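S.K.: return a 3D structure for these sequence lines:
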Amino acid sequence: MFCFIFSGVEKKHFSRGAYNSYKNKREEMMRYFGVGHMQPMKSIGELQSLVKSNFARITPCGIKATVAEIMEFIRKETGSRDEAWVQRTTIEIINDFARDAFLRVPVEDRAVFIPHCLRNIKQCKAQNAEDGYKCLRCGACKVQPIIEACEKRGMKWYIVGGGSQLVNILKKYKPGAVVGVACFNEVRMGIDQLTEMCVPAQAVMLSRPGCVNTDVDISEVIAKINL
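M.R.: Got it, this is the predicted structure:
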């Protein structure tokens with residue numbers, strides 16, 4: 001995690017990906033409009049404060065608002081039409097609100113949910129079961145290093161095929177906190193479900209979404225596992 005001085009104000013910590021996306025969008029708009037006509041964009045820290053004051057529903061497990069509500073608020077506040085930036089910024093803010101509650105949960109009571117689409121579909125021989133796919137650790141995809149990081153920390157892990165399997169595992173094992181890796185739509189549904197259950201979560205969005213052979217920044221996932 002990094003801390004930057006931007007527009008003369010010290011901001012809270014946020015990931016390299018979110019910062020770079022924010023910086024690139026600002027520079028693109030400045031080139032388009034010209035520096036003299038560019039109004040200062042709201043920082044991640046300023047957006048966090050605005051979200052907190054607007055919803056005023058911070059609970060012991062995070063902010064009591066749906067992902068869609070926060071996204072719409074960010075769109076209106078920033079005027080951004082970059083949906084990818086809005087999505088990533090929304091997840092960054094939700095992660096930040098849930099971070100303290102997440103950290104209060106003992107490591108052994110946390111669970112990591114890995115999407116089955118990260119598997120190398122041509123080489124993977126893992127079989128799906130009630131509790132998700134059972135990785136054979138062939139090393140053909142990024143699932144194995146995620147699993148190894150989980151086990152090093154003593155955290156449970158599940159390779160899930162979709163939202164319904166996630167819900168079934170949550171109800172069966174009742175983890176105290178969750179790290180979830182998924183595309184935005186799955187992250188959105190998962191966070192809303194976990195908020196209702198008052199289970200704090202940290203989410204990592206796929207860098208290449210899709211149905212098969214997706215990708216993720218492994219360093220982001222391991223950073224969440226190591227919190």
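S.K.: switch to C-alpha atoms for all contacts and neighbour counts from now on
M.R.: Will do.
S.K.: where does this structure have low pLDDT?
M.R.: For the chain, the stretches with pLDDT under 70 are 1-41, 56-62.
S.K.: ok, what's across the strand from the residue sitting nearest the centre point of it?
M.R.: Most central in the chain under Cα atoms, centre = their mean is residue 203, positioned 2.4 Å from the mean C-alpha point. Beta bridges link residue 203 to residue 180, judged by DSSP bridges.
S.K.: distance of it from residue 178?
M.R.: Using Cα to Cα, to the nearest Å, one gets 8 Å for the distance from residue 203 to residue 178.
S.K.: do residue 107 as well
M.R.: 10 Å.
S.K.: neighbour count for these two, which is higher?
M.R.: Higher neighbour count among residue 107 and residue 178: residue 178, with 28 against 19, using other Cα atoms under 10 Å.
S.K.: wait, is the more buried one part of a strand?
M.R.: Yes: if the criterion is DSSP: H, G, I helix; E, B strand; the rest coil, then residue 178 is within a strand.
S.K.: surely it is in contact with residue 108?
M.R.: No: Residue 178 lies out of contact with residue 108 (Cα atoms under 8 Å); the separation is 11.2 Å.
S.K.: which SSE is residue 96 in?
M.R.: Take DSSP states H and E as the rule and residue 96 turns out to sit in helix 83-104.
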